[in-house]
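Trainee: A predicted structure for the sequence below; I have some questions about it.
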Amino acid sequence: SPNLLLTDGEKHTSMRQTWETRMKDLKEMLRSVVGLHTDQHFSEPSISEIDMYESLKTLSWKILLGTFLDLGSNSSLFDTIESLQEDLLRGQFSLFPVTVNTGFWHSPRKKGKEANRKLQARISQHLKEKKSACPFATADDSELEDVAKHSVLFTSSLAVKALASLLTALLLNLFLYQ
């Protein structure tokens, strides 16, 4: 289906305008959400060494799922979404790009496709129950599927890993090169 990456041509103008309208207040809202999750994350005491990347990956999950789905890390849905996103990522980058179901074994691609289906269903259900959970959700239920698909992208494991890598590099540069 059409996506936000296709920013050229008349065909995508209406989609761009729809999403620009939906996301216009996101930047302002992000400041408070990111600040809250960051303060909470770094206020948790640590009595041993930590893996900086893993810690920042945990923070990235909190930020993205908190921002786009209004989920706290103590929610069972938080853990479910994180697990399904990891399955989806493994399926997308599987070395065995064929969907196989033998009954007792499923290929990573099959598991990834199933995870994507479950993610969209769980996110749609979450957005129906709590309309204010997503900053770009609309009151129109007919657009809920589109919002759920984009929420899967915004909360993807790949986005989490990218944000964690960026934060890790930033912190290392801040503290290693004064």
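Mentor: In hand now; what should we look at?

Trainee: show me the helices in the chain, by range?
Mentor: 13-22, 26-43, 52-69, 76-92, 108-129, 144-154, 157-176 (DSSP state H).

Trainee: and those helices, which is most packed in?
Mentor: For the helices of the chain, ranked by mean neighbour count under the definition mean count of other Cβ atoms under 10 Å, the leader is helix 52-69 at a mean of 20. In this view, the C-beta of every residue, glycine as well, is placed from N, C-alpha and C.

Trainee: other residues contacting it?
Mentor: 26, 29-30, 33-34, 36-38, 40-41, 71-73, 77-78, 81-82, 123, 126, 133-135, 151, 154-155, 159-161, 163-165, 167-168, 171-172 (Cβ atoms under 8 Å, 6 or more residues apart in numbering).

Trainee: please save the CA atoms from it in PDB.
Mentor: The C-alpha trace of helix 52-69 is given here as PDB (Å, rounded to 0.1, in the frame of the first residue of the first chain):
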ATOM      1  CA  MET A  52      25.100   1.300  27.800                       C
ATOM      2  CA  TYR A  53      23.500   0.100  24.600                       C
ATOM      3  CA  GLU A  54      21.100  -2.300  26.300                       C
ATOM      4  CA  SER A  55      20.100   0.300  28.800                       C
ATOM      5  CA  LEU A  56      19.500   2.900  26.100                       C
ATOM      6  CA  LYS A  57      17.600   0.200  24.100                       C
ATOM      7  CA  THR A  58      15.300  -0.200  27.100                       C
ATOM      8  CA  LEU A  59      14.900   3.500  27.300                       C
ATOM      9  CA  SER A  60      14.100   3.600  23.600                       C
ATOM     10  CA  TRP A  61      11.300   1.000  24.000                       C
ATOM     11  CA  LYS A  62       9.900   3.100  26.800                       C
ATOM     12  CA  ILE A  63      10.000   6.300  24.700                       C
ATOM     13  CA  LEU A  64       8.500   4.900  21.500                       C
ATOM     14  CA  LEU A  65       5.800   2.800  23.100                       C
ATOM     15  CA  GLY A  66       5.000   5.600  25.600                       C
ATOM     16  CA  THR A  67       4.800   8.200  22.800                       C
ATOM     17  CA  PHE A  68       2.900   6.300  20.100                       C
ATOM     18  CA  LEU A  69       0.800   4.000  22.200                       C
END
